[in-house]
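Enquirer: Could you look at this predicted model? Sequence included:
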Amino acid sequence: MTAAEYFDMSAAPLRIGTVRLKVRDLNAVSSFYQSVLGLSPVATLEDRITLGTGTTPLLELVGDPTLASHDPRQAGLFHTAFLMPTRADLGLWVAHVAGARVPLQGASDHIVSEALYLADPEGNGIEVYADRRVSDWHGASGEIRMSTDPLDLQDLLQSAEGAVWSGFPRTGSVGHVHLQVGDTAQADRFYRDVLGLDVAARYPGASFYGSGGYHHQLAGNVWNSRRAGKRPADMAGLDAVEIIVRDAAEIAAVAARAESAGFANTRNAGGLTLHDPWGTAITLTN
């Protein structure tokens, strides 16, 4: 199999950069992502730490012990999905967490990918996954097919035989962010109509938003959060998502669409920041 058979995220018009979480216990949560996911510190300040791979930031943790505890019924994060470069990398990670007795919450074959699920010490959802070849994603009419089927863990583990876990792969990334929203139609108006993402697929109660033909860089569901309002500012959980924009001109186009739709936005040297209907900051950078 060649690399060209797999989706090239760097060529997508929009892709996920860094995810920022607000946490109550910075040391405990940071230690978890380092020991379980294999992320390493990229930058450290007194009240925050940025974790990633090499010099690439993927996850920023901002600590504040006065925050209210995570509420799974609120809008916010469903999971941050860490994309492994290869199936063998995913199998190696599975062997790592099995050996460390890390509790998992689920494992699924989604047709487009193979994925495992867990949560950090404060309840923030995590997916760790590897994509299948793009040619495997599509149905007879060209539609992206997604499902939730049992995952063949033994076969996945065999893909990594003979290798040794040495941390999150240098070419790994945050492949997508799945959100909890209060209403999928309202989410469509923001993520599709303002940000310019395509609706790549739908499930009952969920929309999956893709860019450049990907199955999804973002998603929003109401499975736990139907009719939820804006997330309280003093609550732990998701704070911001960075989206890297390939064409700088698109940032101005998003700003114009946001203003037309009534979404406040802030232009700065680093790009554009606006907030979705539930208060999550979305920052577009080039």
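Expert: Cool, the structure landed.
Enquirer: Near the nearest residue to residue 164 once chain neighbours are set aside, how many residues? Count them for me, please.
Expert: Once flanking residues are discounted, residue 164 sits nearest to residue 92: 7.8 Å by CB to CB, 6 or more residues apart in numbering. C-beta coordinates here come from the backbone N, C-alpha and C atoms, glycine included. For residue 92, the count of nearby residues is 23 (other CB atoms under 10 Å).
Enquirer: Can you tell me which helices and strands the helix or strand harbouring residue 92 packs against?
Expert: Assigned by DSSP states H and E, residue 92 falls within helix 87-99. In terms of contacts (3 or more CB pairs under 8 Å, 6 or more residues apart in numbering; DSSP states H and E), helix 87-99 is packed against strand 113-119, strand 125-131, helix 153-158.
Enquirer: how far off strand 113-119 does that helix point, in degrees?
Expert: Here helix 87-99 points in a direction 30 degrees away from that of strand 113-119 (axes from the mean of the first three to the mean of the last three CA atoms, to 10 degrees).
Enquirer: re earlier: export the helices and strands packed on helix 87-99 to TSV and tack on mean neighbour count, distance to residue 139 and mean pLDDT?
Expert: Converted to TSV, the helices and strands packed on helix 87-99 look like this (neighbours: other CB atoms under 10 Å; distance: least, CB to CB, whole Å; pLDDT from 0 to 100):
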stretch	mean neighbour count	distance to residue 139	mean pLDDT
strand 113-119	21	16	98
strand 125-131	23	17	98
helix 153-158	14	24	96
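Enquirer: Centre-most residue in this structure?
Expert: In the chain, the C-alpha nearest the mean C-alpha coordinate belongs to residue 177, at 2.4 Å (CA atoms, centre = their mean).
Enquirer: how about it, phi and psi?
Expert: phi -120, psi 130 (degrees, to the nearest 10).
Enquirer: any idea which residue of the chain is furthest from its center?
Expert: Of all residues in the chain (CA atoms, centre = their mean), residue 162 lies farthest out, 29.4 Å.
Enquirer: Look up how far residue 253 lies from that residue.
Expert: 48 Å (CB to CB, to the nearest Å).
Enquirer: bridging residues for residue 281?
Expert: Assessed by DSSP bridges, residue 281 has beta-bridge partners residue 240, residue 275.
Enquirer: Now do the contacts for it.
Expert: 20, 239-241, 273-275 (CB atoms under 8 Å, 6 or more residues apart in numbering).
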